[in-house]
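sequence unavailable; structure follows:
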């Protein structure tokens, strides 16, 4: 196999690599010379020299290998989120100062909208231009503040008009809001190509129309929104959405129930991941979109399930329980 065939990412396996790795798992160990056709297995750490014979290679357990590869993927996604936040921070003061516009420019690449009504009007206008697809991230807070009944009707009308034009809508929700009646009512009311998935943690609200225009929050109170038409930035937002979408759990039209592993619920596993990272109860509650009292109830149940008597012991028991590795293998 040529070097060209091994230009793939470290978190991927080529066909030859998959076959050789499966063979190594069946045999327990293989001669080092057999990896000439798939050097990526050694480079990625999926095969390592046997302690008693350096000419033989042993495979890493699939669960451990998968967990390590997923950690690398998620670390890159987290880096992209931080870059997105830095971009918004850097551009917000520039947008406030204004400045001369390019001669003949019809639509600015970046536009700041202030106030719930103005934000919703700008979104409605952009939706009216869309013909193909809308990508939406809907965490527990909104881009234009809390929605009332009238705002829900406006959102329904503009969504249904896109679907009537043959477009489709994909939405990412946070797990804490998927059981709210308003979420299900909105999805079930719409007729057309609509799909929804959910994650424990999400970015702030994001809307991308036809991969040409995006809306992101520009403040903490929901009163400012940034309309983005710069192709590079919009592509970046859409790529981030696509990667989150692949990690999410389907909830509409066909919901998938995430399994309870060793008596630990999916919500408790999400909390466990943040606990072993050293986050406080307040940070965990904010990241998962719940109030601190609810977070502490889940932490108490997790401690009871694992038999922990202290916060320090709980972190140790989580690390040794294997529940996080089991979840990665189940994805």
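Yes, it's here. What you are looking at is a predicted structure, and each value in this text was computed from that prediction instead of being measured.

skipping its backbone neighbours, what lies nearest the residue positioned nearest the centre of the chain in space?
Nearest to the mean C-alpha position of the chain, counting by Cα atoms, centre = their mean, stands residue 244 at 2.9 Å. Spatial nearest neighbour of residue 244, excluding adjacent residues (Cβ to Cβ, 6 or more residues apart in numbering): residue 172 at 5.9 Å. For every residue, glycine as well, the C-beta is placed using N, CA and C.

neighbours of that neighbour, how many?
Neighbours of residue 172 under the rule other Cβ atoms under 10 Å: 22.

any idea how far the strand or helix carrying it is from the chain center?
Under the criterion of DSSP states H and E, residue 172 resides in strand 168-174. Remark: strand 168-174 is offset 12 Å from the chain centroid, using Cα atoms, centre = their mean, to the nearest Å.

which elements pack onto it?
strand 133-138, helix 149-164, strand 193-199, helix 231-247 (3 or more Cβ pairs under 8 Å, 6 or more residues apart in numbering; DSSP states H and E).

for residue 68, find the nearest of the ones you listed.
Closest to residue 68 of these, according to Cβ to Cβ: helix 231-247, at 16.0 Å.

that closest one - contacts with which helices or strands?
By 3+ Cβ pairs under 8 Å, 6+ apart, helix 231-247 packs against helix 62-97, strand 133-138, strand 168-174, strand 193-199, strand 206-209, strand 213-217.

what's the first helix or strand after it?
strand 249-252.

where does this structure dip in pLDDT?
Counting by pLDDT under 70, the chain contains low-confidence ranges at 1-12, 96-107, 140-152, 178-187, 254-262, 325-331.

quick one, domains of it?
Using automatic domain parsing, the domain parsing of the chain gives 3-60, 68-97+106-252, 266-330.

quick one: residue 263 from residue 27, how far?
Residue 263 sits 35 Å away from residue 27, going by Cβ to Cβ, to the nearest Å.

and for residue 69?
Residue 69 is 22 Å from residue 27, where distance means Cβ to Cβ.

out of the helices and strands packed on strand 168-174, the one nearest residue 92 is which?
Nearest of the helices and strands packed on strand 168-174 to residue 92, taken as Cβ to Cβ: helix 231-247 at 13.8 Å.

picking up where we left off before, make TSV out of the helices and strands packed on strand 168-174 and add distance to residue 41.
Formatted as TSV, those follow (distance: least, Cβ to Cβ, whole Å):
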stretch	distance to residue 41
strand 133-138	36
helix 149-164	46
strand 193-199	31
helix 231-247	24
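
these: which one's closest to residue 213?
With Cβ to Cβ, the closest approach to residue 213 among those belongs to helix 231-247: 6.6 Å.

any buried residues in that closest one, and which?
Residues 233-234, 236-238, 240-241, 244-245 are the ones in helix 231-247 that count as buried (16 or more other Cβ atoms under 10 Å).

tabulate those residues (CSV), appending distance to residue 90.
Shown next, in CSV, are the buried residues of helix 231-247 (distance: Cβ to Cβ, whole Å):
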residue, distance to residue 90
233, 12
234, 17
236, 14
237, 16
238, 20
240, 17
241, 21
244, 23
245, 27
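
of those residues, just say which sits nearest to residue 267.
Residue 267 has its nearest neighbour among the buried residues of helix 231-247 in residue 244, at 18.5 Å by Cβ to Cβ.

for residue 236, list the residues it contacts.
Shown in contact with residue 236 (Cβ atoms under 8 Å, 6 or more residues apart in numbering): 80, 84.

hmm, residue 42 is touching residue 58, no?
No: using Cβ atoms under 8 Å as the test, residue 42 is too far from residue 58 to be in contact (11.4 Å).

for those two, indicate the residue with more neighbours.
Between residue 42 and residue 58, counted using other Cβ under 10 Å, the more crowded position is residue 58 (17 against 14).

need the contact list for the more buried one.
Contacts here follow Cβ under 8 Å, 6+ apart; on that basis residue 58 touches 24, 28-29, 47-50.

in this structure residue 272 contacts residue 265, no?
No: Residue 272 is not in contact with residue 265 according to Cβ under 8 Å; the separation is 10.2 Å.

between the two, tell me which one has more neighbours.
Neighbour totals were compared for residue 272 and residue 265, and residue 272 leads with 25 against 16 (other Cβ under 10 Å).

check which helix or strand covers the more buried one.
Element membership for residue 272 (DSSP H and E) is helix 266-276.

endpoints of stretch 136-156, how far apart?
Distance between the two ends of stretch 136-156: 14 Å, counting by Cα to Cα, to the nearest Å.

scratch that, stretch 35-42 is what I was asking about
One end of stretch 35-42 sits 8 Å from the other (Cα to Cα).

distance from the chain centre to that stretch, please.
Counting by Cα atoms, centre = their mean, stretch 35-42 is centred 31 Å from the centre of its parent chain.
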